[in-house]
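>>> no sequence for this one, just the structure:
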């Protein structure tokens, strides 16, 4: 393999001096390239420009002066670092060397001067290594960002680039995909990217949140029902499997499904057909299934709360969605994306200051991308109408306001209980906003964006429908 370590280019037309210098620097751990003429040196430099950290050139070269070679090299690379050596240290040689663009002039053979030269070489060699590392990192981020954006998502981190590679690898497979990760990390976004980059992209992408469906409605939501199949079934319903025919069915929070629903999904996947409620008729299905969960399904299988046979059917191709705290370099890109979307929606231009961006980039987002999106909305509210630039103060205020939302789950079994649960959620949200505002009018106008009468009307309606115990 070609040696990619930075090198020092030594140029002197006296072979014995060149050998001595080469031995000296190699003994100190540097890689050295040598040249005995300006012509040879220039050819070597052009070929190895990106690897040469420093050039050390003799002032009295036979073909041309060392100062002429310095000018030629700087014409090819203005950032080149060059030291000129001479056996005679006169004011003329010194001034001509510095005027040509050399960073340092050193007298040959003088031990004190060589000690200074060693210090100069060490300094600029280390600077070159740091700059090379920065350039490599920047190039890596640019490469990652292009790869990530090619599948339609935002970011530049190596973690997200690895995920993008998996999306590209898995996109046209018929095998099921399981996306795992903390709540709010963007699992649905990854599922959508898999669908949009697949051969099924023109077909439906149907999302089912398994954790939000009442247990007695799961079969109807997934497999459909015929009108009159049960109380409240006033129309026919195709169900998610039939709606997704030819496309992708995304089963979000698959770990929340009860065991009997898992058994029915397993049968549908195995037989590639479903039977809606209220009918004996079966319908063929052609869907690519993508599942997501924040739970550890293997532990659930071991504990008996998730079917092992369904696990092996659905969890074929794994993707782990990383939390935002493990990929902080994605934060500026995501925040800029959210702010741009808000600006288009609000038809109002605003920029974010470097100080505000730094605060957001260094924050540990326990609620992940979802919390960051929420904070972007709060940023705009903090700055809107009064400022054109989001300041450090606006960022700090937004972070005080945004908190990770606790996971909310419906624990009942009937549709009536589900409706009551939703009303309680709405009531708690309104009361929370009102309690953090100066008044109900202030909450309605500045935070809920509705009229005060609408707020008071909704509260009165919910209080009439729910008992005091339910509202407690």
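Sure thing, it's come through. Predicted, not measured: the structure shown is a model, and the values here were computed from it.

>>> can you give me every residue that contacts residue 72?
Neighbouring residues of residue 72 by C-beta atoms under 8 Å, 6 or more residues apart in numbering: 38, 42. The C-beta positions use only the backbone N, C-alpha and C, and glycine is treated the same way.

>>> nope, residue 373 is what I was after
334, 338.

>>> what ranges of the stretch 351-472 of the chain fall below the confidence cut-off?
Across the stretch 351-472 of the chain, the ranges flagged by pLDDT under 70 are 384-387, 401-415, 435-436, 438, 468-469, 471-472.

>>> secondary structure element holding residue 68?
Secondary structure assignment for residue 68, by DSSP states H and E: helix 66-76.

>>> beyond that helix, next helix or strand please.
strand 82-86.

>>> packing partners of that next one?
Applying 3 or more C-beta pairs under 8 Å, 6 or more residues apart in numbering; DSSP states H and E, one finds that strand 82-86 contacts strand 52-58, helix 66-76, helix 91-100, strand 104-107, helix 111-150.

>>> strand partners (parallel or antiparallel) of that strand?
Listed by DSSP bridges, the sheet partners of strand 82-86 and their directions read strand 52-58 (parallel), strand 104-107 (parallel).

>>> would you mind finding the most buried of those strands?
strand 52-58 (a mean of 24; mean count of other C-beta atoms under 10 Å).

>>> give the rounded mean pLDDT of that strand.
Taken as a whole, strand 52-58 has a mean pLDDT of 90.

>>> any idea how far that strand is from the chain center?
Its chain's C-alpha centre and that of strand 52-58 lie 41 Å apart, by C-alpha atoms, centre = their mean, to the nearest Å.

>>> swap in stretch 440-451?
So, by C-alpha atoms, centre = their mean, the centroid of stretch 440-451 is 35 Å from its chain's centroid.

>>> how long is it end to end?
Stretch 440-451 stretches 10 Å from its first residue to its last (C-alpha to C-alpha, to the nearest Å).

>>> where does the stretch 1-150 of the chain dip in pLDDT?
1-4.

>>> if we can go back for a sec, list the buried ones in the helix holding residue 68?
66-67, 69-74 (16 or more other C-beta atoms under 10 Å).

>>> residue 359 is nearest to which of the helices and strands packed on strand 82-86?
Nearest of the helices and strands packed on strand 82-86 to residue 359, taken as C-beta to C-beta: helix 111-150 at 21.0 Å.

>>> quick revisit: minimum distance to residue 298: which of the strands paired with strand 82-86 has it?
strand 52-58 (50.5 Å).

>>> and the helices in the stretch 251-400 of the chain?
Shown for the stretch 251-400 of the chain, the helices assigned by DSSP state H, counting those that start in this stretch span residues 259-271, 297-303, 308-314, 331-346, 354-362, 368-383, 392-401.

>>> so for residue 196, which of the ones you listed sits nearest?
Among the helices of the stretch 251-400 of the chain, the nearest to residue 196 by C-beta to C-beta is helix 331-346 (16.7 Å).

>>> now the angle from that closest one to helix 368-383?
Angle between the axes of helix 331-346 and helix 368-383 is 50 degrees (criterion: axes from the mean of the first three to the mean of the last three C-alpha atoms, to 10 degrees).

>>> what helices or strands is helix 331-346 leaning on?
Helix 331-346 packs on strand 351-352, helix 354-362, helix 368-383, going by 3+ C-beta pairs under 8 Å, 6+ apart.

>>> and it, which residues are buried?
331-335, 337-339, 342.

>>> please convert the buried residues of helix 66-76 to CSV, extending it with distance to residue 257.
CSV is the format used below for these (distance: C-beta to C-beta, whole Å):
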residue, distance to residue 257
66, 78
67, 79
69, 75
70, 73
71, 74
72, 73
73, 69
74, 69
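
>>> hmm, back to that, and the helices of the stretch 251-400 of the chain: which comes nearest residue 455?
Closest to residue 455 of the helices of the stretch 251-400 of the chain is helix 368-383 (C-beta to C-beta; 17.9 Å).

>>> tell me which of the helices of the stretch 251-400 of the chain sits most buried.
helix 368-383 (a mean of 20).

>>> would you mind getting the angle between that helix and helix 392-401?
Between helix 368-383 and helix 392-401, the angle comes out at 130 degrees (the same axes, to 10 degrees).

>>> for residue 181, which non-adjacent residue is closest in space?
Nearest residue to residue 181 in three dimensions, chain neighbours excluded: residue 321, at 3.2 Å (C-beta to C-beta, 6 or more residues apart in numbering).

>>> surely the one you found is in contact with residue 187?
Yes: at 5.1 Å, residue 321 counts as touching residue 187 under the criterion of C-beta atoms under 8 Å.

>>> among the two, which residue is more densely surrounded?
residue 187 (26 against 23; other C-beta atoms under 10 Å).

>>> please report how far the more buried one lies from residue 203.
21 Å (C-beta to C-beta, to the nearest Å).

>>> right, I'll call it a day here.
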